[in-house]
Each structure stands twice: as C-alpha cells, then as structure tokens.
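1. Build me a model:
(chains A and B)
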Protein chains: 2
Amino acid sequence: MNNFEFKNPTKIIFGKDTIEKLENEIPKNAKVLLLYGGGSIKKNGIYEQVKAALANIELVEFGGIPANPEYAVLTEALEVIKNENITYLLAVGGGSVIDGTKFLSAAALFEGDTPWDILSKNIRTEKGMPFGTVLTLPATGSEMNSGAVITRAETKEKLSMGGPGLFPEFSILDPQVIASIPQRQLANGIADAFTHVLEQYMTYPIGALLQDRFAESILQTLIEIAPKVLKDPTDYKAASNFMWCCTMALNGLIQKGVPTDWAVHAIGHELTALYGIDHARTLAVIIPSHYKFNFETKKQKLAQYGERVWKIKEGSKDEKAYDAIDKTEAFFHKLGIDTKLSDYTDEHKGTAEEIAKRFTTRGWIALGEHKSLSPDKVEKIVKMAY
Amino acid sequence: MNNFEFKNPTKIIFGKDTIEKLENEIPKNAKVLLLYGGGSIKKNGIYEQVKAALANIELVEFGGIPANPEYAVLTEALEVIKNENITYLLAVGGGSVIDGTKFLSAAALFEGDTPWDILSKNIRTEKGMPFGTVLTLPATGSEMNSGAVITRAETKEKLSMGGPGLFPEFSILDPQVIASIPQRQLANGIADAFTHVLEQYMTYPIGALLQDRFAESILQTLIEIAPKVLKDPTDYKAASNFMWCCTMALNGLIQKGVPTDWAVHAIGHELTALYGIDHARTLAVIIPSHYKFNFETKKQKLAQYGERVWKIKEGSKDEKAYDAIDKTEAFFHKLGIDTKLSDYTDEHKGTAEEIAKRFTTRGWIALGEHKSLSPDKVEKIVKMAY
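-> Numbering: from 1, shown residues only, chains lettered A, B, ... in the order given. Have a look, this model is predicted:
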C-alpha cells in the first residue's frame, strides 16, 4: 500500500425528504446565490422544495448552467455574486452545476488578475466561498469531493481545478429525485460511476486489500441495482444504493494508497470535445480497447475483478481477465450504451490521429498508472475502439 | 436504507515514516500537551520520533494514562492543561490514550460545574480543545471518530461521551508501529475491530447493499491478514491492511443508514468490570451465545455473512447461519482467544444474574437492534456463554 493522506469534511445528509433540512445548514444571515441548470428542477418539484426550505433566507437565483459548465456563463454568475454581495452558494443540480459552483466558490475569493488563471495556471483553492449542494443527478461524485472540470468554448478547452477549499460544506442526497431522471441520464450515471471505480482499481496489485474490496463492493452494487433503477426509477431501495454508490465512487476513499489510471477519462474527454458524445458513453467506448491494449500490465487486476465481481470461475488467469473485459462491455450494452465509436459517428476516420496530435501538442506523453501511455499508444487504443 | 447524516473531518496521514509529518499539522505557536500511556512508546522509538518532529514546538508531557482511561488520572492531566496554559493536545497511544485525550479536549473548554457532568449528564461536546493523534495500537478506531469511553474506579462506572467537537484534527497512522506490539494485543486488536464491524452489520437486512458489502470487505480483510500479522508483525503489507481495517471499522461509514446492535459491547463491558478480562476477549465470549440466542432475528444476515465472508456453499439458510457462528468462534480460537467465560474465571457462577441486575438498576431494558433485549434475556445469553 502506498502512503496516503485522506480528509473529506463534507457533511452528507442522505435520505427521503431531506431537502427540507437545508434550512439548518445555511447561516441565517447569509445572502445565497441559488445555482441550477436547464430548469428541470422547476418541473420535478425540487425547486419548490428548495425555495420552501429557504423561505427565511435572502436568495438570488442564477439558472442556465449547461452540461460541461461553460466559463462564459459562469463569469456572468460571478458578476451577480459581486454585484449582489453574495456570501453563500447553493448548487441544485448534477455534476455540471456543482462543478460550476466550485469554480464560482474559488473565483469569488480569487485575488489574481483573471479567474481563468485558476484553471489555466492550475491554482489550487485553499479557501473558497462556502457552498452546499442539493444533488439531483447521481453520477459524478462532485457532491463529496473537491474537484471540478470547467469548459471554455471560446478556446475549446476543458480544464480541471480543485483544492481543499472546494469541498461542499454539505450535500443533500434525496434518492427520490431519481424518479424523474430520464433513462438516458440514469444509464449515463451508472456507467460514469462504474468507470470512476475502474479508473482507481484496474491497475496493478499493490497489496491494498481493503481498498480493492471497497472498489469491488461498489462495482457489485452498481451491477446489482442497474437493471432495477432503469426498470423502475421509483424503486427507492435501488435508487438509494445507486446514489450512495456514485458518491462513494469518487469521494477519495477508494483511491487512497493505490495507483490510479484515468487514461480512459483523458481520452474520453476528447471524444466529447470532437463529437459531443455523452461523457459516460465515451468512457464505455474507450474501456474495452484500453484494457485489451494494456492487457499485460492490467491482467492481474482484470482477473481478480473477473473472479470477485463477475464471479468467473472457469479458465486460466488470462482467460478470466479477457472474459472480465467482455463482461464489462456486455454490462454497458445492457445499460443501452454502445461501445464502439462507429456507433456514435460515421466520421470517425482520423479521430485516433487527431487525439494523438492533441495529446502531443499538450505534452501529454505519459498517461495511465505506469505513466507509459504515449500519444502513439493512445492512437492505437482509439483505433481499436472504432 | 434508513436516512442518515455523515460527516468525518479527521485528516488521516497514513504510511511509512509519517510521524515526522507531525510538524506540519500542529500550529507553530501552540503549547502542546503530549499524552501517552504506560511508557511503551519510550521503548519502541515512537517517543523519539514524536519529540524530533516537535523539536520547534513548546511541549509539556503527561504519561501514565492507563487502559480503560481513568477519570482520576485525567483530572490530573486537566490540572496541567490549565496550569500550563496548554492550547493543543497530542495523544500518542492506542484507544485508551486517545479516548482520555478526547475527555480532556472536552473538559478543557467545559464551562459547567464539574467535568464529570460531561459523562454523567451525557453532555455532547460541540467544540473541544483541538487535538491530534499518533496511533500506536490499531483496534478501537478512536483515531477517526468522535466518541470515547471513560472509567471512574471510585464509582465503578464506565461511561461514554462524544460530539462533533471531538474528532481528532489529524491522526498519523504508521503501520510500522505494529512490529513492536505484543501478540496478545495484536489478537485483541483484530478481534475488537472484527466485532465493531459485526455490531453494525449482524442485525437484519434493510436494503443497504453497499454498506453490507463494505462491512463484509473489512471482515474478509481482517480474516485474510490475521494469521500474517500474528506470525510476523513486521509484514508491512499485512500490518497496513490491519491498521486501515481497524480505522474503517469504526469511523462511522459502515453504520450509516443501517440498524446497529452493540449489545455485545454492553454485556462485554460488564465482564471487564467484574473480572478484568481484556475488552476484546469479552466480546469473543458473548458473540456466539448472543447470535445463537437471537438466531431467528439475525439469521438472514448470519446466512449472508456465512455465504459472502466465509464462503459457505452447502446447506439451508439456517444451516449456513449456524455454520457462520461456528466459523466466527473458530476464528477467535485461531487468534488465541477463548470464547467461554469459564476459560477466564472459575468463579463465573452468578455472573449472568449480576449483569441482569446491573442492567435492571440502570434501566437498560431494551438492548440490541430491535430494542428487545431485556435483562432477563441478557441473563440467558450470559449463561449460554459460561
């Protein structure tokens, strides 16, 4: 096991009808900016619940934060924060709204020239404006971690940020919100959380026995609840396990003391940038070929995953490892998620070369847990995924 | 799954040679009281490491905190805190030293008549004097939770306390400390952590699929590493997993959203009080008869535990559940821990009646996850354990 540090101060408030607890979490004298996305919260009743809980608190609203939260939109929200003397932020939404709110938390107290520096110069945020979240779409884990990804259309950039000042003070997780999420987004959420676990697990054995089993626990539970959530999103038992799995998949716990990969995300982001494919679906496209291409370095964990998660009993270690990749691909298919780039676009020719070129330009010559995936290898992986 | 709230702000610093990081965690202008136990830290090199790391910080020492931390000793330490204007506490020890430090953290800022009120009136601590820990004995999980148990010999009481102000600010976990722990204490630590998990798991199914699997993960890992730790405490892989399992067993995570039992601890504490039997060993004495007595209400989870943790494949659900109890008892035996009260004392006659009487006097008429274990039932359980 590698040495590690772990600290996660976010307060989780989990369960039925918990949105009303908002009132107790935000200081009475705060002036709150309520941030949300495309407006689905006004259709599913969450907006009314939030407004009712905050009836006695001064509130300003800012809606319209898009998926892949856009810098230009966020700078408008930053203006509101400054003009209105906002002291507390409340994100009501999924990963995009929460990530956007994290940027605003950092930017509101940033003393440099331009808040874009936080992203372009990779400045860690030690202290941000305090904020909380009401999660409406389980997937990214952003409700219990301190990272965010922000997009800037103008320069075609998608950059990460983070720091210990960007943990939400609280996050309210009411699994009842899942009932009104469209099937496509439910499938994406399951695939996203599943991949988050794989990125922190599918590397090589390092003797972190408990972390391995925690990761496998999340994978097993997602596999167990996936068909139930998709069949009946009002199934509270399935919904609550889905929601808690998504949070635990990326709140830092399972990555402590172990090597991590994240090459799937790095490559997947480019497919979203090039073709607008849903984030989770790009991951499902890349995983099978990534694991096959890196089979020799990943096969020990692949076989362990096959044995423990998919209960594969027959065959050699290599056969179990291959079988585990096939089972993973079949799982995505059962979610209704295609796993070949050609399923999403007819114009995929040249994609592999283009992504390799982008990585080379950026100096990304060392992806993956062994820092050995150079752009020419990435090119081969993407071609295998056509 | 039940509704729950979860917040754990303790910073964990885990790994080889991490004690030197102490320097970065304590404010430079702090006046620190270093608290420790019987002095083993002066034999195994930990004391020197701590002193070296704090060379530039003003330090006062207080040693001699006994197992089952004693109120009378702690009041002496409280005098030191007040006389020396201490601003920060540092526990270097196992659960007893850490629990004692938590009491002092609360007592140092307590404004009531006597700090004994914190225990006798069950006053929650919202804010305590800041403190950190260097863990020298994995077992209790006190390094990452906000609870403590304090003993007062004068009145023969052993009372709990806690509150959100009693999380350590940081805890340093260097698995290398395990190399110098005596076999008896290693076995106790494994049995203690194992039982902590069981108390939060061996109840009835409530659809908390992920919490169940996390609990099973800790149990499986403890079973896997136990013989290795006992055979060679310098085995870093085994030691590091042992240490992390103990912390995760009682840092709040696996108890969220599920019913918990804790009757084993309640009964076990009396055996320690009556006969001075090591805490962990009292748990091993009570578990088999407790689970057999409450078989009907616990058998679903017992069978699940048998199947998943002990890999029992044969038999009916009831048979698997019984087999799981036997396997648990055999596990304690392999640790060198006896599981009958008569293994520890020849004078056990009347113990069951005495414990039932004590529980009646205290008004403890509703133990266990169903709040159904009345003193007459406790009497039967203890008799089964003779």
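
2. When you work out contacts or count neighbours from here on, use the C-alpha atoms and nothing else.
-> Fine.

3. Am I right that residue A:11 is in a strand?
-> Yes - according to DSSP: H, G, I helix; E, B strand; the rest coil, residue A:11 belongs to a strand.

4. what bridges to residue A:149?
-> The partner list for residue A:149 in beta bridges (DSSP bridges) reads residue A:160.

5. Residue A:158 is in contact with that one, correct?
-> Yes - in this structure, residue A:149 is within contact of residue A:158 by Cα atoms under 8 Å, at 6.7 Å.

6. Show me what the helix or strand of chain A with the lowest mean pLDDT is in contact with.
-> The helix or strand of chain A with the poorest confidence is strand A:157-162; it has a mean of 89 (mean pLDDT, DSSP states H and E). By Cα atoms under 8 Å, 6 or more residues apart in numbering or on different chains, the residues outside strand A:157-162 that reach it are A:103, A:118-120, A:122-125, A:146-152.

7. Now do the buried residues in it.
-> A:158, A:161, A:162 (16 or more other Cα atoms under 10 Å in any protein chain shown).

8. interface residues of the stretch 1-150 of chain A facing chain B?
-> By Cα under 8 Å from any Cα of the partner chain, the part of the stretch 1-150 of chain A that sits against chain B consists of A:1-16.

9. looking at the residues you listed, which has the most residues close by?
-> When neighbours are taken as other Cα atoms under 10 Å in any protein chain shown, the top entry among the residues of the stretch 1-150 of chain A next to chain B is residue A:14 (24 neighbours).

10. excluding its backbone neighbours, what's nearest that one?
-> residue A:173 (4.7 Å; Cα to Cα, 6 or more residues apart in numbering or on different chains).

11. cool, residue A:22 as well?
-> Using Cα to Cα, 6+ apart, the closest residue to residue A:22 is residue A:53 (6.0 Å).

12. What about that neighbour, how many residues nearby?
-> 16.

13. Let me know the secondary structure of the closest residue to residue A:138 other than its chain neighbours.
-> Spatial nearest neighbour of residue A:138, excluding adjacent residues (Cα to Cα, 6+ apart): residue A:243 at 5.4 Å. Assigned with three-state DSSP, residue A:243 falls in the helix class.

14. What are the boundaries of the helices in chain A?
-> Along chain A, counting by DSSP state H, helices occupy A:22-25, A:46-53, A:71-83, A:95-108, A:116-120, A:183-201, A:209-231, A:236-249, A:263-275, A:279-293, A:295-308, A:317-334, A:351-362, A:375-384.

15. Give the buried residues for the longest one.
-> By neighbour count, and taking 16+ other Cα under 10 Å as the criterion, the buried residues in helix A:209-231 are A:209-223, A:225-226, A:228-230.

16. Filtering these by proximity to chain B, which remain?
-> A:209, A:210, A:213, A:214, A:217, A:218, A:221.

17. Nearest to residue A:96 among the residues you listed?
-> Each of those was checked against residue A:96 using Cα to Cα; the closest is residue A:218, at 22.6 Å.

18. Just give me the neighbour total for the closest residue to the closest one other than its chain neighbours.
-> In space, and not counting its chain neighbours, residue A:218 is closest to residue A:245: 5.8 Å by Cα to Cα, 6+ apart. Number of residues near residue A:245 (other Cα under 10 Å) recorded here: 28.

19. ok, now which ones touch the residue nearest to residue A:22?
-> Neighbours of residue A:53 in contact, by Cα under 8 Å, 6+ apart: A:19, A:20, A:21, A:22, A:23.

20. run the last query once more with 7 Å
-> A:20, A:22, A:23 (Cα atoms under 7 Å, 6 or more residues apart in numbering or on different chains).

21. Okay, domains of chain A per the record?
-> A:11-176, A:182-384 (automatic domain parsing).

22. Ok, which of the ones you listed comes nearest residue B:77?
-> domain A:11-176 (32.8 Å).

23. What's the end-to-end length of that closest one?
-> 19 Å (Cα to Cα, to the nearest Å).

24. before we move on, what about stretch A:169-179?
-> 26 Å.

25. Let me see the contact set for the residue nearest to residue A:218.
-> By Cα under 7 Å, 6+ apart, residue A:245 lies in contact with A:218, A:222, B:210.

26. In this structure the first one contacts residue B:208, no?
-> No - under the contact definition of Cα atoms under 7 Å, residue A:218 does not touch residue B:208, with a separation of 11.9 Å.

27. if I pick the residue nearest the centre of chain A, what's in contact with it?
-> Residue closest to the average C-alpha location in chain A (Cα atoms, centre = their mean): residue A:140, at 2.6 Å. Shown in contact with residue A:140 (Cα under 7 Å, 6+ apart): A:95, A:192, A:193, A:246.

28. Per-residue confidence at the third one, what does it come out as?
-> The score at residue A:193 is 98. That number is its pLDDT.

29. now swap in the last one and tell me
-> In the prediction, the pLDDT value recorded for residue A:246 is 98.

30. what mean pLDDT would you report for stretch A:197-206?
-> 98.

31. what's the distance between the closest residue to residue A:285 other than its chain neighbours and residue A:203?
-> Distances taken as Cα to Cα, 6+ apart put residue A:339 closest to residue A:285, at 4.1 Å, once the chain neighbours are dropped. Computed as Cα to Cα, the residue A:339 to residue A:203 distance reads 21 Å.

32. hang on, the earlier thing: redo the domains of chain A as CSV? Include distance to residue B:277.
-> Formatted as CSV, those follow (distance: least, Cα to Cα, whole Å):
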stretch, distance to residue B:277
domain A:11-176, 38
domain A:182-384, 30
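
33. closest to residue B:361 out of those?
-> domain A:11-176 (37.0 Å).

34. What is the end-to-end distance of stretch A:31-46?
-> Note: stretch A:31-46 ends 20 Å apart using Cα to Cα.

35. What about the closest residue to residue A:359 other than its chain neighbours, how many residues nearby?
-> Nearest non-adjacent residue to residue A:359, counting by Cα to Cα, 6+ apart: residue A:375, 6.1 Å away. By the criterion of other Cα under 10 Å, residue A:375 has 23 neighbours.

36. which ones are touching residue A:375?
-> Listed by Cα under 7 Å, 6+ apart, the contact set of residue A:375 reads A:356, A:359, A:360, A:365.

37. which of the residues you listed count as buried?
-> Applying 16+ other Cα under 10 Å to the contacts of residue A:375 flags A:356, A:359, A:365 as buried.

38. The first one touches residue A:377, doesn't it?
-> Pointing back at residue A:356 there. No - using Cα under 7 Å, residue A:356 is not in contact with residue A:377; the gap is 8.3 Å.

39. For the contacts of strand A:157-162, pick the one with the most neighbours.
-> residue A:103 (31 neighbours).

40. so how far is residue A:164 from it?
-> From residue A:103 to residue A:164 the distance is 13 Å (Cα to Cα).

41. what does residue A:23 give?
-> Residue A:23 is 25 Å from residue A:164, by Cα to Cα.

42. again, but for residue A:281
-> For residue A:281 relative to residue A:164 (Cα to Cα), the value is 30 Å.

43. Between those two, point out the one with more neighbours.
-> Per other Cα under 10 Å, whichever of residue A:281 and residue A:164 has more neighbours is residue A:281, with 25 against 16.

44. before we move on, could you check phi and psi at the residue nearest to residue A:117 when sequence neighbours are not counted?
-> For residue A:117, ignoring the flanking residues on the chain, the nearest one in space by Cα to Cα, 6+ apart is residue A:123 at 7.1 Å. Backbone dihedrals for residue A:123, given as degrees, to the nearest 10, come out at phi -90, psi 120.
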